[in-house]
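# Sharing a sequence plus its predicted fold:
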Amino acid sequence: MTGRREEVSLPLVTGIRNITLDDFARLWAMDWQPLVKERDSIYLEICQQQRDLCFVAEEPGGAWAGAVLAGRGSGSAFVYQLWVEPQLRGRGIGTELLRAVERAAGAAGLRYVWLFTTTAAGFYERLGYRRDSSIFSGSALEHVVERKKAEVMVKRL
């Protein structure tokens, strides 16, 4: 016997699944910081129509470990929000949620996945995203990049 204790790891999530219409009551009640509720409402309205790009990761027992909301337009998917329970971050849940969006977007014939981030550019770069604000100009570029201090990230599928 080595004296080392073997750790037993329980699964963090039982699976990742598409969001259903029944999930929206819970989504409406959530506080999706740092977004303001008015913008959350717009994203949730879009996501109700485009649920094939929205996913939830469930823990054993049905609690949510995380969720991702995304929509489509102009041949691309756009990630509105990626959320993972704080105590579960760093364990691959966000990665798997984002991969689910990428697979669904690719299956739908979309060519890119775009997103904005103010805090996690390194995370997205490790997943193959690159910084690219070239889709914006003028006031849109000023609003996203200069005023919000957001990085625009893109991945070609």
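Alright, I've got the coordinates.
# check contacts around residue 97.
16, 55, 57, 66, 67, 68, 82, 84 (CB atoms under 8 Å, 6 or more residues apart in numbering). C-betas here are computed from N, CA, C, even on glycine.
# Identify, from these, the entry nearest to residue 139.
Distance to residue 139, by CB to CB, is smallest for residue 82 among the contacts of residue 97, at 26.0 Å.
# Name the nearest residue to the closest one, ignoring sequence neighbours.
Excluding the flanking residues, the one nearest residue 82 by CB to CB, 6 or more residues apart in numbering is residue 68, at 4.8 Å.
# Can you list phi and psi of that neighbour for me?
phi -140, psi 130 (degrees, to the nearest 10).
# ok so, going back, among the contacts of residue 97, which one has the most neighbours?
Of the contacts of residue 97, residue 68 is surrounded by the most neighbours, 27 neighbours in total, counting by other CB atoms under 10 Å.
# what's across from it in the sheet?
Counting by DSSP bridges, residue 68 is bridged to residue 55, residue 82.
# Residue 118 touches residue 124, doesn't it?
No. Using CB atoms under 8 Å, residue 118 is not in contact with residue 124, being 11.7 Å away.
# just to revisit the earlier point, and the pLDDT for the residue nearest to residue 82?
Note on residue 68: pLDDT of 92.
# With the one 10 residues further on instead?
According to the per-residue confidence, residue 78 scores 91 in pLDDT.
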